[in-house]
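[1] Can you look at this prediction? I've put the sequence above it.
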Amino acid sequence: MITRSVRGSLVLAAILLASAYGLSLLADFNWVGPDMPDRVTQVMIGLVLVLFGNATGKREKDADPAGDGKPALMAARRFFGLALVLGGLVHAGAWLLAPLELANTVSMVAVIAALVAGLARVAYAVFGQRETPGEG
Amino acid sequence: MSDVFKALSDPTRREVLRMLKAGPKSAGELADAFPVSRPTMSAHFNALRAAGLVSTEKAGKSVIYHLNVSVLAEALLGFAGAFGLGSRPTPDASSERKEKP
């Protein structure tokens, strides 16, 4: 069964692929600059990151029964979402405005830093909670 | 999205969301923290639920509220609080309420 989120992801992937192919065709005909396909595709990837990061903090009862209702884990999820949103915005902004060589580096560093920070926060929430001494 | 702005425009509802950041709470626990009537709190809860900022589950006779905000909604919550949209709730509403005869 295809859930709503899976359908949304497939539609986004189709839009990304179609726009990348369309732009590369346009570039072949010299209707757009040679940088344009890369830039537009990367900006779209950044915006997809923002979109997914934005929804990460939302509580999905069925998809995440283990984390359901645990404040520390939910806070970590919200932080992970915020990190993804910021990483995605930097990624999109870099590909929109910066020179190509710089955009590549800046966007990769931003996304990797966001992932590392987000995952570290989630790991801290998971393992920090386990190591908390119980009462009694 | 207008539901989200509407929900975040009220300081009581923003305070409810801040309380829920610490973890899920029952409707009674949340209502006790504010010097307003139960029907008024119920209207606040409905506004938050309509905006999708909280989710609920039944636990026996009580309703448990969970925070359910996106990054954007949380950022808006922070901005609304920082710029003091609407009037602020009384500093210690719960103690005022308990002092009432």
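    Yes, it's here.
[2] which secondary structure element contains the residue nearest to the spatial centre of chain A?
    With distances taken as Cα atoms, centre = their mean, the residue of chain A nearest its centroid is A:Leu49 (2.6 Å). For A:Leu49, the enclosing helix or strand under DSSP states H and E is helix A:36-56.
[3] Give me the contacts around that helix.
    A:12, A:15-16, A:19-20, A:23-24, A:26-27, A:77-78, A:80-96, A:100, A:103, A:107, A:111, B:70-72 (Cβ atoms under 8 Å, 6 or more residues apart in numbering or on different chains). The way it works is simple: take the backbone N, C-alpha and C, and place the C-beta from them, glycine included.
[4] interface residues of chain B facing chain A?
    B:21-24, B:55, B:57, B:64, B:66-72, B:74 (Cβ under 8 Å from any Cβ of the partner chain).
[5] Are any of the contacts of helix A:36-56 buried, and if so which?
    The neighbour count (16 or more other Cβ atoms under 10 Å in any protein chain shown) marks A:20, A:23, A:27, A:77-78, A:80-95, A:103, A:107, A:111, B:70-72 as buried among these.
[6] elements contacting the helix or strand containing B:Leu48?
    Here B:Leu48 is covered by helix B:38-50, with elements defined by DSSP H and E. The contact analysis (3 or more Cβ pairs under 8 Å, 6 or more residues apart in numbering or on different chains; DSSP states H and E) places helix B:38-50 against helix B:2-8, helix B:11-21, helix B:27-32, strand B:54-59.
[7] Tell me which of the ones you listed lies nearest to A:Lys70.
    With respect to A:Lys70, and counting by Cβ to Cβ, the nearest of the helices and strands packed on helix B:38-50 is helix B:11-21 at 12.9 Å.
[8] CA atoms only: put the closest one into CSV for me.
    Taking C-alpha atoms only, helix B:11-21 is exported to CSV below (Å, rounded to 0.1, in the frame of the first residue of the first chain):
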residue,chain,number,x,y,z
PRO,B,11,-0.6,34.3,24.2
THR,B,12,-2.5,31.6,26.1
ARG,B,13,-2.2,29.2,23.1
ARG,B,14,1.4,30.0,22.7
GLU,B,15,2.0,29.3,26.4
VAL,B,16,0.1,25.9,26.0
LEU,B,17,2.5,25.0,23.2
ARG,B,18,5.5,26.0,25.3
MET,B,19,4.3,23.8,28.1
LEU,B,20,3.8,20.9,25.7
LYS,B,21,7.5,21.2,24.7
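[9] A:Ala83 touches A:Ile112, doesn't it?
    No. Contact status for A:Ala83 versus A:Ile112: not in contact, 10.9 Å apart, counting by Cβ atoms under 8 Å.
[10] Could you dump the helices and strands packed on helix B:38-50 into CSV with mean neighbour count added?
    Output for the helices and strands packed on helix B:38-50, formatted as CSV (neighbours: other Cβ atoms under 10 Å in any protein chain shown):
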stretch, mean neighbour count
helix B:2-8, 17
helix B:11-21, 20
helix B:27-32, 16
strand B:54-59, 14
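[11] Take the ones you listed and write them to JSON lines, including mean pLDDT.
    Below are the helices and strands packed on helix B:38-50 laid out as JSON lines (pLDDT from 0 to 100):
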{"stretch": "helix B:2-8", "mean pLDDT": "86"}
{"stretch": "helix B:11-21", "mean pLDDT": "91"}
{"stretch": "helix B:27-32", "mean pLDDT": "90"}
{"stretch": "strand B:54-59", "mean pLDDT": "87"}
